[in-house]
Every structure is written in structure tokens, then in C-alpha cells.
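> give me coordinates for this.
(2 chains)
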Amino acid sequence: MDNVEKTADSSNGNKLERELVIPGDHLSEEDLKSGMGTYSDSGRIYASRLGVKNIRAGYINVVPLGGRYIPRPGDYVIGSIIDIGPSNWLVDINAPYPAPLHVNEVPWRVEFGDTARFLKVGDTILVKIQNVDEIKRVHVTMNDHDLRRLSGGLITEISHSKVPRVIGKGGSMITLIKRYTKCRMFVGQNGRIWIDGDAKDIMIAVETIERIEAEAQVMGLTDAIKAFLEEHYSLDARVS
Amino acid sequence: MGENIDLKLMDEEGRRIDGRKFDELRPIKIEANVLKRADGSAYLEWGGNKILAAVYGPREAHPRHLQDPTKARVQCRYNMAAFSVMDRKRPGPDRRSVEISKILSEALEYVIFTEQFPRTTIDIFIEILQAEAGTRCSGLTAASVALADAGIPMRDLIVSCAFGKIAGKVVLDLRKEEDNFGEADVPLAIVPRTEEIVLLQMDGHLTTNEFQEGLSMAMKACKNIYGLQREALRKRYSTVIDKNEEKEKKEEKKEKEEVVQ
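Predicted coordinates:
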């Protein structure tokens, strides 16, 4: 999980303006290039999505506050099998497009027509987006480090735009949750989160994630979450 | 339209039956993000109109043959609830609502960057809960707020408003009686930034001058409604951002106090 913190993070004290923009808003008079979530019309740059204005490396971007997950090559996502073909599985990755997983892209040797023996409809798997073409045909693969079928645990879903917050800067947030709850966790870029551990710990982890999602824009969130987890676990210690 | 009845649509002082002046809008209230399960939604009250708009997508288009490999389909469904009008409206699509659905989809499609989501559909549902003339304009206004709320990339919000002619005078935003017994009704939708017209229909008769007069009046009104739409979105989302600033200010205060101590 090296895909960390794309939104402007201000926890380290440098103040960044967080200006809410609405589609059609004129973004800047300065000489900047039109980045994500923007469009240019006769030399002027406008916002195309509802989000937060962000200027980085000469580009002006709008970091969206919502919207559906659009797959990008290299993303690690959590998918579930929705259909089985003789040489592939169809995976729902929480995007507008279903993604086929070909038998060549799994770590097992699968005979033609024998696909159902390995993955069944409803199975949850960890996959990587291998390729997205110009008409957004998505191909996923399981031939990578740590990609597997997920068994046990629980899946919770958040908005994909909040994923960087759940992971935190350099993975700080997710390691924090893991350390306290002792859960095994995986955050997919598509907003699905897999958590496995003791039932009680899972509940706390889910609660923590819900809180992160609700307060995603708050500064110093990692500290607040730390306090929140501290409270839970010290209370538990007192009870037992 | 233009039936003979004993109803004075405008008094000697130029006041309309609900006391409005010729260029006055009915009160408008917009709220964004009111439905949890929709990707985006909006609730709008415009005079006696009460409208709920919900957006789903972009999502996979079904049946498959409707998918367009170059762009997303924009499918809008305008539907009046059975209880939205005085006489019960027979539920289900009819000639009128099919037409309105079509023109609204086409208006919205113009501002959406459909090419970013090939093979998908963006579904917009406009439910008229209570109707009092001007539902297509109100519906379109609500739908564009819902689209922005759904995070769909678009050129601008669409604003819509109607003008018409009653008692020989060009007026803005007709209400039910004015629509039924007036001389003309012209719903209009624009892209406020460029002032492009994305919807224009006319029922009744107007002279060129009257039309021009009404058009400029409606354009001005649309800009005001645009402000309300933006306000609704801001209100919903800026709390998220403002919370930060408040917190930041608090921290600053604390620091200052510490320094003083």
C-alpha cells in the first residue's frame, strides 16, 4: 500500500487553503495547467466537479468530494465474483464497469471450464487493476504479491475519495488502527475495506473507519483517532 | 391557454394573484444530498412545487446494446406522483412525461462530460411530489444540483426558469392559474456561465419584442436561482471544510493564550 495521501494534508502545520468549488467555477487567473477535475474553455480553467481546489506542480486540480470509483491501472482493489465463465471470472470492483479476471491471471493452474472449482460466485478477492483501455475495459490480475482470496473477516465500504485518509500519510492511520485493534486489514482503492480479527476488535475498527469517513477533512485527525482508540482499549482493560 | 373566465390575473397596480410583481419569482428552497442511497440527490421547493431529484451512476448500462462505447448515456426520468395534482394523476409514464424526460436528458447531457465514462449510463430521477406549474423547470434545477452532488464532471450547473404572458403583460415564473388562463408560457434553461440555452419551449403566442423582453427577464432570474443552487451545495459541503478552519482557529487561540500565560 504505497498509494498514500493524494489530498492536501495540513497536519504538519503548513496551511493550505481549502476552497470548495462547484462545477463551472473559474479557478485561477494565474498561468497554471488544467489538471484533474477541471476543464479549460478559451484559455480559462474551470472546475468540472464539486470538490476542493488544489494547486500542485503548476497544475490546478479539483480533489473530488464524492463520485464513483473509476479504476486506474495499478490500483489494489477488493472485488467480489459475480459471474463465472469457462476461462474467466467476472469481478465486481465497485466501479461502473465489471472486470474480467482471466485464468492466466490467477496463481493456480486452471483447466478450461474448471473455473468454478477455484473461485465461486460471492467469493471476495484481492486484485490489482492490470489494464484499463480507452473504452474503459478493465482487466484485473491476481498475479502479484499478496493477492489472494479473502476468507473470514468483514468488508466495510466507504467513499473511495476517503481512502487516502483511512491510509494516512505514509500509512500512519492504518498502522495505528491495526496496532490497537490487532486486526488484519486491507484498504482497497475502490473504498472497500477488509477487516479480520476478534469480533469485538472488528466492531471497533469499523467504528473507527466510520469516524474517519465522517471527519475526513478535519485537521489532526490521526491524533483524534488515536485518542478515540486509546479510550476504547483502556476502557476494555478496566472492565476485564 | 387563453380561455375566457372571470379571473383577474393582474390587478391595476400590476400585482398578480399571489401578490407578486411581474418580474418576481416564487420562493425557492434547495437542499442538496438528502438521500443516502443515491449517489447524489437534491430536494427543491419552488412555490407550490415539491421535487425530489436523485442521481445514480455512472453505472453499467443495461440492456447491453444501449451502451455507447464513446460516451455515457444520460437517462432522465420525470415522473409525477399520483398525488401531486388535484385530480389523481394516473401513475406511470404518459405522453407528457415521456416528452419532458427526453428534453431534460438532452439539456443535462449537454453539460455533462459524458465522454469520460464510456459504456455507462447516468440515471437521473425527478419525482414531482407536488405540482403547481413550472415542474419541468424546477425539476431541471433540482437535477443539476443532484448531479453536482453525485460528483459527476460537468461544465456548469443548469438553471431553469419560465416566463410567460398574462393579462397582456410579460411576466416571470407563472403559477398554476396564470399558466392555465394566461396567454403564453415559455420554459427556458440556460448554462449560466456562457448563457447558452439548453431548453426552450413555447406554448401560446408572443410577439418578437415580448419574447425578447421575457428572455432577458428570465436570464436574469436564472442567474439568481444559480446563486441558490450554489448556496445549497456550499451549505452541504462547506461544513466539512469549515470544521477544519474552526478547529485551526481554536488551536491558534490556545497557542496565543499559552504564550500570554
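> what residues are up against whichever residue of chain B sits closest to chain A?
Per Cβ to the nearest Cβ, the residue of chain B with the smallest distance to chain A is B:G151, at 2.7 Å. C-betas here are computed from N, CA, C, even on glycine. Contact partners of B:G151, counting by Cβ atoms under 8 Å, 6 or more residues apart in numbering or on different chains, are A:49-51, A:64-68, A:161, B:39-40.
> what's the closest non-adjacent residue to it?
A:G67 (2.7 Å; Cβ to Cβ, 6 or more residues apart in numbering or on different chains).
> I'd like the average pLDDT over stretch A:57-77.
The average pLDDT for stretch A:57-77 rounds to 91.
> typo on my end, it should be stretch B:197-210
This predicted structure assigns stretch B:197-210 an average pLDDT of 96.
> straight-line length of that stretch, end to end?
Across stretch B:197-210, the terminal residues are separated by 18 Å (Cα to Cα, to the nearest Å).
> show me what counts as buried in it.
With burial defined by 16 or more other Cβ atoms under 10 Å in any protein chain shown, the residues of stretch B:197-210 counted as buried are B:198-199, B:206, B:210.
> okay, the residues you listed in a markdown table with secondary structure and distance to B:D185 next?
As requested, the buried residues of stretch B:197-210 are exported to a markdown table (DSSP: H, G, I helix; E, B strand; the rest coil; distance: Cβ to Cβ, whole Å):
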| residue | secondary structure | distance to B:D185 |
| --- | --- | --- |
| B:V198 | strand | 18 |
| B:L199 | strand | 13 |
| B:L206 | coil | 10 |
| B:E210 | helix | 13 |
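> can I get those residues in TSV including distance to chain A?
Listed next are the buried residues of stretch B:197-210 as TSV, based on distance: Cβ to the nearest Cβ, whole Å:
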residue	distance to chain A
B:V198	13
B:L199	17
B:L206	30
B:E210	30
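> could you pull up phi and psi at the residue in chain A positioned nearest to chain B?
Among the residues of chain A, A:G67 lies closest to chain B, at 2.7 Å counting by Cβ to the nearest Cβ. Backbone torsions of A:G67, given as degrees, to the nearest 10, read phi 100, psi 170.
> right, and it touches A:S161 too?
Yes. Here A:G67 lies in contact with A:S161, judged by Cβ atoms under 8 Å, at a distance of 7.0 Å.
> got the residues of chain A near chain B?
A:10, A:15, A:18, A:20, A:22-24, A:37, A:39, A:41, A:46, A:48-52, A:64-68, A:70, A:96-98, A:134-136, A:161, A:215-220 (Cβ under 8 Å from any Cβ of the partner chain).
> quick one: buried ones out of the residues you listed?
Applying 16+ other Cβ under 10 Å to the residues of chain A next to chain B flags A:10, A:18, A:20, A:22-24, A:37, A:39, A:46, A:48-52, A:64-68, A:70, A:96-98, A:136, A:161, A:215-219 as buried.
> go through those residues and flag which are in strands.
A:20, A:39, A:46, A:51-52, A:64 (DSSP state E).
> can you pick out the most distant pair from the residues you listed?
The most widely separated members of these, counting by Cβ to Cβ, are A:L20 and A:Y39 (17.9 Å).
> before we move on, back to that, give me every residue that touches the residue of chain A closest to chain B.
A:49, A:161, B:39, B:150-152.
> nearest spatial neighbour of the residue nearest the centre of chain A, skipping sequence neighbours?
Taking Cα atoms, centre = their mean, the centroid of chain A lies closest to A:Q189, which sits 2.5 Å from it. Distances taken as Cβ to Cβ, 6+ apart place A:D75 nearest to A:Q189, at 4.0 Å, with adjacent residues excluded.
> so what's the residue count around residue 130?
Reading this off chain A. Per other Cβ atoms under 10 Å in any protein chain shown, the neighbour tally for A:Q130 reads 20.
> wrong one, chain B
Residues near B:Q130, counting by other Cβ under 10 Å: 16.
> can you pull up the bridge partners for it?
B:K50 (DSSP bridges).
> who's in contact with it?
B:48-50, B:81, B:83-84 are the contacts of B:Q130 under Cβ under 8 Å, 6+ apart.
> cool, B:E106 as well?
So B:E106 contacts B:198-199 (Cβ under 8 Å, 6+ apart).
> can you check A:T175 too?
Counted by Cβ under 8 Å, 6+ apart, A:T175 has contacts A:G168.
> name the residues of chain B found near chain A, please.
Going by Cβ under 8 Å from any Cβ, the residues of chain B near chain A are B:39-40, B:57-60, B:69-70, B:111, B:113, B:117-120, B:148-157, B:191-193, B:230, B:233-234, B:237-238, B:240-241, B:243-245, B:247-248.
> skip the chain neighbours and tell me the closest residue to A:V62.
Closest to A:V62 by Cβ to Cβ, 6+ apart is A:G37, at 3.2 Å.
> thinking the one you found is in contact with A:R49, fair?
Yes. When contacts are counted by Cβ under 8 Å, A:G37 is listed as touching A:R49 (4.4 Å).
> ok, back up a step: return the member of the contacts of B:Q130 nearest to B:D6.
Using Cβ to Cβ, those come closest to B:D6 at B:G48, 22.5 Å.
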